[in-house]
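**Student:** coordinates for the following, if possible.
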Amino acid sequence: MNYFSSETVDQDFRSGMIAIAGRPNVGKSTLLNCLLGQKISITSRKANTTRHRILGVLSEPGCQYVFIDTPGFTTGSKRLIDRSIHKVAVAGIIGVDVVLFMVESRGWQPKDNSVWNRIQSENLNSIVVVSKLDRVRDKARLLPVIDDIARRTGTTDIVPVSARKSLNIDRLKQVVAQQLPKGPPLFPSDFLTDQDDVFFASEVIREQVFRLYGEELPYSCAVQIEKYELQKDVLHLHGLIWMETDSQKRIIIGSRGSKLKTVGTRVRQIMEAKLGARVYVKLWVKVRSQWTEDQQLIANFGFSLRE
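**Tutor:** Below is the predicted model of the structure:
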């Protein structure tokens, strides 16, 4: 990557790429949003809500952090969509300066092993982030968890945080900065993310679908933006939600379209808050049987099976 060098910086300035990695649903996207102070990556309780590599840049005096939010590692799955997402996750950690390896505060889980082993295979500098600190009422119970993580990883760079409550985030940034190389910033100081508003809109629609329907809805949901156009100071946002079966479509729409209307209302509120403009949202639901096992359709939704 070419350094962005038109801005004058101190010779001790540090900058670098930091991947946020871990198994599904460990809090990676929530941490990224907390670090940046605003929402750029969607979140929900559903595992592997994040499917794409999301880049977020935090510029502060003396340091520029270039964070990469990766999908959860899904080793062992035979589903084509899961294998595609796993390749996105692996690609997100290659060549970075530091990896934030996230483990939940309830302790090391079997699925953490494969993620840690892959990080180690790339010989990457790593910091273990113990997430969801706010869920631990008795902080003394965290000590054996940290001791176990230190034993398994052989590292003392372990930082417990709560992204929801913004606990220990400044400490995490300090630890990260110490491991970044000295050099000019990689991006202009006002750069935030490489994802445009159209992509953000599609992600927000998918997020609200996951949040509203929860376990009632299968994982197989994709979104395409049909229209994103400003007309007379009103943004017209038309989104197409793809499901795999007619029964899933009926769940999404709800009685007389009530649930789909709720999704649209939530999306409108989020987009209006982000853009500071009026937004008109129109959503449709279509069925494409077994799209999660169709290589061409998966590619059309922005995934690749190539390394």
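**Student:** all helices of the stretch 51-200 of the chain, in order?
**Tutor:** 80-93, 110-121, 142-153, 169-179, 197-213 (DSSP state H, counting those that start in this stretch).
**Student:** make CSV from these and add mean pLDDT, mean neighbour count and distance to V99 to it.
**Tutor:** Using the backbone N, CA and C atoms, a C-beta is placed for each residue, glycine as well. Output for those, formatted as CSV (pLDDT from 0 to 100; neighbours: other CB atoms under 10 Å; distance: least, CB to CB, whole Å):
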stretch, mean pLDDT, mean neighbour count, distance to V99
helix 80-93, 62, 20, 6
helix 110-121, 88, 16, 5
helix 142-153, 94, 14, 11
helix 169-179, 96, 16, 10
helix 197-213, 87, 21, 23
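**Student:** could you dump the ones you listed to CSV with distance to T245?
**Tutor:** Shown next, in CSV, are the helices of the stretch 51-200 of the chain (distance: least, CB to CB, whole Å):
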stretch, distance to T245
helix 80-93, 15
helix 110-121, 28
helix 142-153, 41
helix 169-179, 42
helix 197-213, 14
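**Student:** which one of the ones you listed lies nearest to R53?
**Tutor:** helix 80-93 (4.8 Å; CB to CB).
**Student:** quick check, pLDDT for N33.
**Tutor:** Among the per-residue scores, N33 holds a pLDDT of 90.
**Student:** need the three-state assignment for it.
**Tutor:** The three-state assignment at N33 reads helix, by DSSP: H, G, I helix; E, B strand; the rest coil.
**Student:** low pLDDT regions in this protein?
**Tutor:** 1-9, 42-52, 71-92, 214-219, 291-292, 294, 296-307 (pLDDT under 70).
**Student:** tell me the domain ranges of it?
**Tutor:** Domains of the chain are assigned by automatic domain parsing as 14-179, 197-300.
**Student:** any chance of a markdown table for the ones you listed, columns distance to F187?
**Tutor:** Converted to a markdown table, those look like this (distance: least, CB to CB, whole Å):
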| stretch | distance to F187 |
| --- | --- |
| domain 14-179 | 5 |
| domain 197-300 | 18 |
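**Student:** out of those domains, nearest to S189?
**Tutor:** For S189, the closest of the domains of the chain is domain 14-179, at 4.3 Å, according to CB to CB.
**Student:** all strands of this protein, in order?
**Tutor:** In the chain, the segments counted as strands under DSSP state E are 14-21, 54-60, 63-69, 98-104, 126-131, 158-160, 222-231, 234-243, 278-287.
**Student:** partner strands of the fifth one and their direction?
**Tutor:** The reference is to strand 126-131. Within its sheet, strand 126-131 is paired with strand 98-104 (parallel), strand 158-160 (parallel), according to DSSP bridges.
**Student:** just give me the neighbour total for the closest residue to Y280 other than its chain neighbours.
**Tutor:** Nearest residue to Y280 in three dimensions, chain neighbours excluded: H236, at 5.1 Å (CB to CB, 6 or more residues apart in numbering). When counting by other CB atoms under 10 Å, one arrives at 15 neighbours for H236.
**Student:** H236 and G27: what is the separation?
**Tutor:** Taking CB to CB, to the nearest Å as the measure, H236 falls 34 Å from G27.
**Student:** and if you look at R152?
**Tutor:** For R152 relative to G27 (CB to CB), the value is 19 Å.
**Student:** Q120 now?
**Tutor:** Taking CB to CB, one finds Q120 at 21 Å from G27.
**Student:** next one: P185
**Tutor:** Taking CB to CB, one finds P185 at 27 Å from G27.
**Student:** repeat that for S166.
**Tutor:** S166 is 13 Å from G27, by CB to CB.
**Student:** between these two, who's got more neighbours?
**Tutor:** Between S166 and G27, counting by other CB under 10 Å, G27 is the more crowded of the two (22 against 13).
**Student:** my guess is that one meets E104, correct?
**Tutor:** Yes: counting by CB atoms under 8 Å, E104 is a contact partner of G27 at 7.4 Å.
**Student:** so what sits against both of these two?
**Tutor:** 131-132 (CB atoms under 8 Å, 6 or more residues apart in numbering).
**Student:** hmm, back to that, please identify the most buried of the strands of the chain.
**Tutor:** strand 98-104 (a mean of 26; mean count of other CB atoms under 10 Å).
**Student:** now tell me what touches it from outside.
**Tutor:** Residues contacting strand 98-104 (CB under 8 Å, 6+ apart): 16-22, 26-28, 31, 93, 109, 112, 115-116, 119, 124-132, 149, 153, 172, 176, 179-180.
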